[in-house]
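> take a look and give me a structure for this.
(one chain, ligands or ions: 2)
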Amino acid sequence: ARVINTSGTEIADVVVTPVAFREPPLLNVAGVHQPWALRAIVEVRTTSGLTGLGETYGDAPHVALVRRAAATLTGLDAFDLHGLNARIAHAVDGVDLADRHGLTGRSTPSKTLLRVLAAFETACLDLQGQAVDRPVVDLLGGRARDAVPFSAYLFYKWASHPGGEPDEWGAALDPDAIVTQARRMIDQYGFRSIKLKGGVRPPAEEVDAIRALRVAFPEHGLRLDPNCAWAPDTAVGVATELADVLEYLEDPTSSIAGMAEVASRAPIPLATNMCVVALDDVRPAFTADAVQVVLADHHYWGGLRRSLDLAAVCAAWGVGVSMHSNSHLGISLAAMTHLAAAAPQLTYAADTHTPWRGDADVVQDPLSIVDGAVEVPHRPGLGVTLDRDALARMRDDYVRCGITERDDTGYLRTIDPAWEPRQPRW
Ligand code: GKR
Ligand code: MG
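Ligands and ions are numbered 1, 2, ... in the order given. Below is the predicted model:
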């Protein structure tokens with residue numbers, strides 16, 4: 001249906017700017033984070049001079065596709081999200097974009113479309129909020145909560161990138177160092193939940209790290225996420241050993257069938273951001289009772305509204321909802337906060353990589369994590385404003401850093417050519 005534009009929310013132009021910011025050498029099952037993380041910032045401008053913001057992945061092939069879609073949006077009304085979907089579907093028509101992250105599962109054309117759509121949907125919701133002078137959370141059904149709890153996201157890590165200076169966090173390769181990292185992050189942000197990225201050390205060491213965290217933080221919710229590093233028997237062993245400690249065990253093993261096998265023998269809930277990553281996965285995974293918690297992520301579920309749909313579907317099946325994160329900046333944090341605030345089903349503290357980005361940001365007024373939570377903004381739209389100087393600097397860093405795609409495996413192999421990404425590893 002044609003939308004009659006009465007409020008100056010017609011899209012005049014769209015600018016897509018890839019940016020880079022420094023990252024510590026964080027370890028995961030796929031390898032190690034490169035010295036720079038990549039994102040792309042989407043600015044959707046209307047005829048009346050409003051700017052809506054979106055943030056998405058910065059891998060060059062994805063950015064090229066986002067730009068291709070951006071070029072088709074002129075004249076669309078920012079309230080016409082069906083029209084947005086149609087134009088983007090046409091622009092990316094059947095493209096199936098794989099990535100080298102090693103953590104995001106099989107690629108498909110529909111996943112590719114939803115990743116591109118998400119960046120613009122968020123920007124359009126930001127515009128809608130500004131146009132009607134209400135925060136995005138109000139457009140999503142209103143506040144189910146006034147503050148969104150986030151979790152401390154711990155990583156095994158090296159002290160420095162090879163040849164570089166040690167970073168402020170130092171090395172973390174054993175339980176004591178993981179507890180030190182947790183203490184530092186919790187002192188600074190007040191987190192009340194802790195997630196440890198696993199799949200790096202042998203499972204018994206990761207169990208010890210979780211036990212050490214429990215001793216140091218008796219009241220905190222704890223999770224462990226080895227990104228499918230374990231065979232089902234190993235996963236059941238860890239789940240059994242940590243049954244009295246973990247809120248949930250995230251992606252202990254790969255595939256819906258593998259997770260279903262573990263779930264049938266594990267005494268604790270399993271969570272995933274790896275085997276339920278698109279609507280097609282929902283029926284097979286839920287029918288098999290493979291997962292008890294799904295981690296939503298608007299960056300690949302097609303935006304904030306579709307993530308709420310996912311949360312509703314999960315609730316209908318009696319499956320819990322949590323929130324997934326990748327290295328990100330302040331536009332994503334704002335979008336995650338509005339989404340989580342509007343989703344009553346989201347009962348776990350959300351993941352965020354925020355502490356790892358230091359002071360780097362593309363927004364002037366980043367939301368802050370206080371007492372482990374972000375207060376949901378009352379300002380119109382997403383409630384954050386672009387810092388144009390920072391954007392320009394970070395765009396130059398993107399060009400200069402020489403990284404065009406996230407590739408944790410390739411980077412680790414430049415340091416240890418014999419390293420093999422194996423699944424399962426244990
Ligand atoms: O940043 O290395 C990382 C994480 O492993 C991330 O890429 C994952 O997507 O946080 C994520 C997860 O929960 O699997
Ligand atoms: Mg995960």
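> residue in the stretch 1-150 of the chain with the shortest distance to ligand 2?
Evaluated by C-beta to the ion, the stretch 1-150 of the chain has residue 103 as its residue closest to ligand 2, separated by 7.6 Å. Backbone N, C-alpha and C define where each C-beta goes, glycine included.
> count the residues that sit near that residue.
Each residue near residue 103 was counted by other C-beta atoms under 10 Å, and the total is 20.
> with the one 4 residues further on instead?
Residues within reach of residue 107, counting by other C-beta under 10 Å, total 15.
> that one and residue 96 touch, don't they?
Yes. In this structure, residue 107 sits in contact with residue 96. The criterion is C-beta atoms under 8 Å, and the distance is 5.6 Å.
> picking up where we left off before, which helix or strand contains the residue of the stretch 1-150 of the chain closest to ligand 2?
Taking DSSP states H and E as the criterion, no element holds residue 103; it sits outside all helices and strands.
> distance of it relative to ligand 1?
Applying C-beta to the nearest ligand atom, to the nearest Å, one obtains 5 Å for the distance of residue 103 from ligand 1.
> is it true that that residue touches residue 227?
Yes. With contacts defined as C-beta under 8 Å, residue 103 counts as touching residue 227 at a distance of 5.8 Å.
> need the overlap of contacts for the two.
Common neighbours of residue 103 and residue 227 (criterion: C-beta atoms under 8 Å, 6 or more residues apart in numbering): 28-30, 274.
> now, which of those sits nearest ligand 1?
Out of those, the one with the shortest distance to ligand 1 is residue 28. That distance is 3.9 Å, counting by C-beta to the nearest ligand atom.
> give me the nearest residue to that closest one, chain neighbours excluded.
Counting by C-beta to C-beta, 6 or more residues apart in numbering, the nearest residue to residue 28 once its immediate chain neighbours are dropped is residue 197, at 5.6 Å.
> so how far is residue 210 from the one you found?
The spacing between residue 197 and residue 210, counted by C-beta to C-beta, to the nearest Å, is 12 Å.
> now do residue 1, the pLDDT please.
We have a pLDDT of 50 for residue 1.
> got it, and residue 99?
Per-residue confidence for residue 99 comes out at a pLDDT of 80.
> find the nearest non-adjacent residue to it, please.
Spatial nearest neighbour of residue 99, excluding adjacent residues (C-beta to C-beta, 6+ apart): residue 59 at 5.8 Å.
> got a list of what residue 134 touches?
Contacts were defined as C-beta under 8 Å, 6+ apart; by that measure residue 134 touches residue 380.
> now it: how far from residue 282?
For residue 134, the distance to residue 282 equals 31 Å [C-beta to C-beta].
> same check on residue 176?
For residue 176, the distance to residue 282 (C-beta to C-beta) stands at 41 Å.
> likewise for residue 402?
In this view, residue 402 and residue 282 are 39 Å apart by C-beta to C-beta.
> more neighbours, the two?
When residue 402 is set against residue 282 and neighbours are counted by other C-beta under 10 Å, the residue ahead is residue 282, at 17 against 10.
> residues contacting the more buried one?
Contacts here follow C-beta under 8 Å, 6+ apart; on that basis residue 282 touches 276, 313, 317.
> spell out which parts of the chain neighbour ligand 1.
By C-beta under 6 Å from any ligand atom, the part of the chain that sits against ligand 1 consists of 26, 28, 103, 197, 225, 227, 273, 324-327, 351.
> 5 Å instead?
Contact residues of the chain with respect to ligand 1, defined by C-beta under 5 Å from any ligand atom, are listed as 28, 103, 273, 326.
> ranges for the strands of the stretch 51-200 of the chain?
All strands of the stretch 51-200 of the chain, identified by DSSP state E, counting those that start in this stretch, fall at 51-57, 147-149, 152-155, 193-197.
> want to throw the ones you listed into TSV with distance to residue 289, mean pLDDT and mean neighbour count?
Supplementary listing: those in TSV, determined by distance: least, C-beta to C-beta, whole Å; pLDDT from 0 to 100; neighbours: other C-beta atoms under 10 Å:
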stretch	distance to residue 289	mean pLDDT	mean neighbour count
strand 51-57	31	98	26
strand 147-149	27	98	22
strand 152-155	27	98	24
strand 193-197	23	98	25
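> who wins for proximity to residue 339 among these?
Proximity of the strands of the stretch 51-200 of the chain to residue 339 was assessed by C-beta to C-beta; the nearest stretch is strand 147-149, lying at 8.7 Å.
> please name the strands paired to the closest one in the sheet, noting orientation.
strand 373-375 (antiparallel) (DSSP bridges).
> which parts of the partner strand are buried?
Residues of strand 373-375 classed as buried by neighbour count (16 or more other C-beta atoms under 10 Å): 373-374.
> contacting residues around whichever helix or strand comes after it?
Going down the chain from strand 373-375, the next helix or strand is helix 388-401, by DSSP H and E. Defining contact as C-beta under 8 Å, 6+ apart, one finds that helix 388-401 is touched by 17-21, 35-36, 38, 41, 58, 360-362.
> pick the one among the residues you listed closest to ligand 1.
Ligand 1 lies nearest to residue 38 out of the contacts of helix 388-401, by C-beta to the nearest ligand atom, at 12.5 Å.
> and that closest one, which of the three is it?
Per DSSP: H, G, I helix; E, B strand; the rest coil, the local secondary structure of residue 38 is strand.
> also residue 314?
Counting by three-state DSSP, the three-state call for residue 314 is helix.
> wait, it sits on residue 321?
Yes. Under the criterion of C-beta under 8 Å, residue 314 makes contact with residue 321 at 5.0 Å.
> mutual contacts of the two, please.
Contacts common to residue 314 and residue 321, judged by C-beta under 8 Å, 6+ apart, are 294, 345.
> counting residues, name the longest helix you see in the protein.
In the chain, ranked by residue count with DSSP state H as the criterion, the top helix is helix 109-132.
> just the CA coordinates for that one, please, in CSV.
Once side chains and other backbone atoms are set aside, the C-alpha atoms of helix 109-132 remain, and they are given as CSV (Å, rounded to 0.1, in the frame of the first residue of the first chain):
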residue,chain,number,x,y,z
PRO,A,109,20.0,-15.8,1.4
SER,A,110,17.3,-15.1,4.0
LYS,A,111,19.9,-14.7,6.8
THR,A,112,21.8,-12.3,4.5
LEU,A,113,18.7,-10.3,3.9
LEU,A,114,17.8,-10.1,7.6
ARG,A,115,21.4,-8.8,8.4
VAL,A,116,21.1,-6.0,5.9
LEU,A,117,17.5,-5.2,6.8
ALA,A,118,18.3,-4.9,10.5
ALA,A,119,20.7,-1.9,10.1
PHE,A,120,18.0,0.1,8.3
GLU,A,121,15.1,-1.0,10.5
THR,A,122,16.9,0.3,13.5
ALA,A,123,17.6,3.6,11.8
CYS,A,124,14.0,3.9,10.7
LEU,A,125,12.7,3.3,14.2
ASP,A,126,15.2,6.0,15.4
LEU,A,127,13.6,8.3,12.8
GLN,A,128,10.0,7.4,13.8
GLY,A,129,10.8,8.1,17.4
GLN,A,130,12.3,11.4,16.6
ALA,A,131,9.3,12.3,14.4
VAL,A,132,6.8,11.6,17.1
